[in-house]
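Peer 1: What shape does this take:
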Amino acid sequence: MGETGPPEPLVLHVIPTAAPRGAQREARALADRLDAPGTRRHRVLSIVSHGPDLEEPVAVDYTLDGDGTPVAAEGRGIGGPATTVGFDPRLVLRLRRALDRLSPALVVAHGGEPLKFLVPAMVGRRRPLAYYAIGTLAPPGHRPGRKTMWRYLARRPDLVAAEGAEVLDECRDVLGVPPGRLVLVPNGRDPDEFHPGADADKRPEPVVSFVGAFTVQKRPDRFVEVVAALRARGLEFRALAVGDGPLSGPLATPAQAAGVELLGARGDVAEVLQGTDIMVFPSLPRGEGMPGVLIEAGLSAVPVVATSVPGVDAIVADGETGQVVGVDDFGAMVEATAELLGDPVRRRAMGEAARRRCVERFSMDVVAAGWRDALVPLLGPRSRQAR
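Peer 2: Below you'll find the model as predicted:
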């Protein structure tokens with residue numbers, strides 16, 4: 001009988017919740033793509049489990065019970081709230097116990113939320129930690145006390161993978177991460193999941209969509225204002241907004257007045273995009289890094305009208321795959337959207353170009369290759385030989 005050797009080391013990808021947000025979906029897709037055929041080396045743990053009412057949660061391998069036992073989730077979290085709030089020391093203790101029981105060879109924090117729990121949970125444990133820096137610091141992170149905290153946290157991991165050039169620059173210049181620990185690994189999505197719809201020409205009227213959190217940062221209210229301005233011009237189209245958050249309540253009345261359908265949080269974003277002709281992305285700069293929803297739109301052959309925020313120029317070729325406008329240039333956003341609404345031939349050409357660009361640069365295969373190169377040195381000689 002041949003030698004089977006020791007088992008492949010476990011790489012644990014940690015996400016904050018199983019809510020179907022872009023970062024969580026990317027973590028699941030990345031873990032699946034990094035696994036060799038027939039192996040389960042990369043697994044996903046959600047720090048906070050979700051309740052049964054969460055629609056289409058991200059499939060996770062583990063969640064935590066009350067004493068820190070890593071529970072096999074069978075694709076879904078169990079019990080508990082769907083989001084984390086602030087900093088709960090009890091979660092640190094539960095996570096520490098879970099790491100001791102699972103004994104991963106490497107831990108990957110997908111975003112700042114899991115990082116703030118993992119850094120204290122891993123104190124005194126000789127286990128490498130990688131941090132996927134998703135987005136630049138949001139405005140609260142620039143306050144002196146918060147910035148000091150993030151400087152401390154960001155310099156603890158053995159590796160910081162930045163999703164965009166602006167994020168990498170901030171990690172180095174603002175947070176003080178040593179250049180030798182920094183690597184650029186772009187955001188990515190699966191082109192088999194996000195792909196063009198088959199019935200675009202059969203829709204009775206074009207569809208304009210917003211997909212994102214209902215927060216001040218993402219500005220769903222600006223999308224509603226754009227739709228209202230387009231309606232005032234007499235343009236006929238359907239308007240959809242996907243997402244939830246603190247602005248959901250305040251937006252209900254103006255959205256209804258503007259004829260915007262609020263669909264709430266959805267796990268079938270790929271299907272929504274297949275039924276979309278134009279995406280409007282009105283975000284503010286701080287907090288963005290490489291917006292995954294723009295990659296999803298590009299892979300779905302949907303042209304976008306986007307504000308010029310970090311990461312957009314890497315995804316959107318202005319005038320070729322979409323239109324990039326100034327962050328505060330409301331008139332330009334309305335005009336760009338109106339032009340695309342009136343020109344289905346240009347919309348189609350832009351969408352096809354967007355699909356080609358995003359498959360080439362941001363498909364999960366391309367992104368996973370970058371992650372392999374970054375993680376292999378942290379896993380030791382056996383991992384390098386297997387590669």
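Peer 1: Now do the contacts for V227.
Peer 2: 208, 239, 258-260 (C-beta atoms under 8 Å, 6 or more residues apart in numbering). Glycine gets a C-beta too; all of them are placed from N, C-alpha and C.
Peer 1: For stretch 35-44, buried residues please.
Peer 2: 35, 41-44 (16 or more other C-beta atoms under 10 Å).
Peer 1: How is C358 assigned, secondary-structure-wise?
Peer 2: Under DSSP: H, G, I helix; E, B strand; the rest coil, C358 falls in the helix class.
Peer 1: Which parts of the stretch 251-387 of the chain are helices?
Peer 2: 269-274, 292-299, 312-315, 330-341, 344-362, 364-379, 381-386 (DSSP state H, counting those that start in this stretch).
Peer 1: just the angle between the fifth one and helix 364-379, please?
Peer 2: With axes from the mean of the first three to the mean of the last three C-alpha atoms, to 10 degrees as the criterion, the two stretches helix 344-362 and helix 364-379 enclose an angle of 20 degrees.
Peer 1: quick one: G176 from A165, how far?
Peer 2: Distance of G176 to A165, given as C-beta to C-beta, to the nearest Å: 18 Å.
Peer 1: Could you do A133 as well?
Peer 2: A133 is 12 Å from A165, by C-beta to C-beta.
Peer 1: Looking at the two, which has the bigger crowd around it?
Peer 2: Legend: neighbour count by other C-beta atoms under 10 Å for A133 and A165, higher for A133 (27 against 16).
Peer 1: so what's the more buried one up against?
Peer 2: A133 neighbours (C-beta under 8 Å, 6+ apart): 111-112, 154, 160-163, 167-168, 171, 289.
Peer 1: Disregarding residues adjacent in the polypeptide, which is nearest to it?
Peer 2: A162 (4.7 Å; C-beta to C-beta, 6 or more residues apart in numbering).
Peer 1: Correct me if wrong: that neighbour contacts V185.
Peer 2: Yes - if you go by C-beta atoms under 8 Å, A162 and V185 touch, sitting 7.2 Å apart.
Peer 1: do you know how far P9 is from D343?
Peer 2: Counting by C-beta to C-beta, the gap from P9 to D343 is 53 Å.
Peer 1: Pick out whichever of the two has more residues nearby.
Peer 2: P9 (16 against 12).
Peer 1: Not counting sequence-adjacent ones, nearest residue to the more buried one?
Peer 2: That would be A105: by C-beta to C-beta, 6+ apart, it lies 3.2 Å from P9.
Peer 1: so the one you found touches A130, yeah?
Peer 2: No - assessed by C-beta under 8 Å, A105 is found out of contact with A130, at 11.5 Å.
Peer 1: More neighbours: the two, which one.
Peer 2: A130 (23 against 17).
Peer 1: ok, what's across the strand from the more buried one?
Peer 2: V108, L159 (DSSP bridges).
Peer 1: Now do it, the pLDDT please.
Peer 2: pLDDT recorded at A130 is 97.
Peer 1: now H13
Peer 2: You'll see H13 listed with a pLDDT of 96.
Peer 1: Contact partners for it?
Peer 2: H13 touches 27, 30-31, 42-45, 108, 110, counting by C-beta under 8 Å, 6+ apart.
Peer 1: correct me, but R355 touches E296?
Peer 2: No - when contacts are counted by C-beta under 8 Å, R355 is not listed as touching E296 (11.3 Å).
Peer 1: Looking at these two, which is more packed in?
Peer 2: Per other C-beta under 10 Å, whichever of R355 and E296 has more neighbours is E296, with 26 against 21.
Peer 1: Now that one: closest residue in space that isn't a chain neighbour?
Peer 2: Closest to E296 by C-beta to C-beta, 6+ apart is F194, at 4.9 Å.
Peer 1: What of A317?
Peer 2: Closest to A317 by C-beta to C-beta, 6+ apart is R357, at 6.3 Å.
Peer 1: What is the burial count for that neighbour?
Peer 2: When neighbours are defined as other C-beta under 10 Å, R357 has 18 of them.
Peer 1: same check, this time on L30
Peer 2: When neighbours are defined as other C-beta under 10 Å, L30 has 23 of them.
Peer 1: Return the list of helices and strands in contact with the helix or strand where it lies.
Peer 2: For L30, the host element (DSSP states H and E) is helix 22-34. If contacts are counted by 3 or more C-beta pairs under 8 Å, 6 or more residues apart in numbering; DSSP states H and E, helix 22-34 sits against strand 11-15, strand 42-46, strand 106-110, helix 292-299, helix 364-379.
Peer 1: swap the cut-off to 10 Å and go again
Peer 2: strand 11-15, strand 42-46, strand 106-110, helix 112-121, strand 129-133, helix 269-274, helix 292-299, helix 364-379 (3 or more C-beta pairs under 10 Å, 6 or more residues apart in numbering; DSSP states H and E).
Peer 1: Among those, which comes closest to D61?
Peer 2: strand 42-46 (4.0 Å; C-beta to C-beta).
Peer 1: Give the other helices and strands that the closest one contacts.
Peer 2: strand 11-15, helix 22-34, strand 62-64, strand 70-72, helix 89-102, strand 106-110, helix 364-379.
Peer 1: In a markdown table, list those along with distance to R266.
Peer 2: A markdown table is the format used below for those (distance: least, C-beta to C-beta, whole Å):
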| stretch | distance to R266 |
| --- | --- |
| strand 11-15 | 18 |
| helix 22-34 | 12 |
| strand 62-64 | 22 |
| strand 70-72 | 26 |
| helix 89-102 | 27 |
| strand 106-110 | 21 |
| helix 364-379 | 21 |
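Peer 1: closest to K218 out of these?
Peer 2: Going by C-beta to C-beta, the one of those nearest K218 is helix 22-34, 11.4 Å.
Peer 1: Pull the distance from the closest one to the chain's centre.
Peer 2: 9 Å (C-alpha atoms, centre = their mean, to the nearest Å).
Peer 1: Buried ones in that helix, by neighbour count?
Peer 2: Buried residues in helix 22-34 (16+ other C-beta under 10 Å): 22-31, 33-34.
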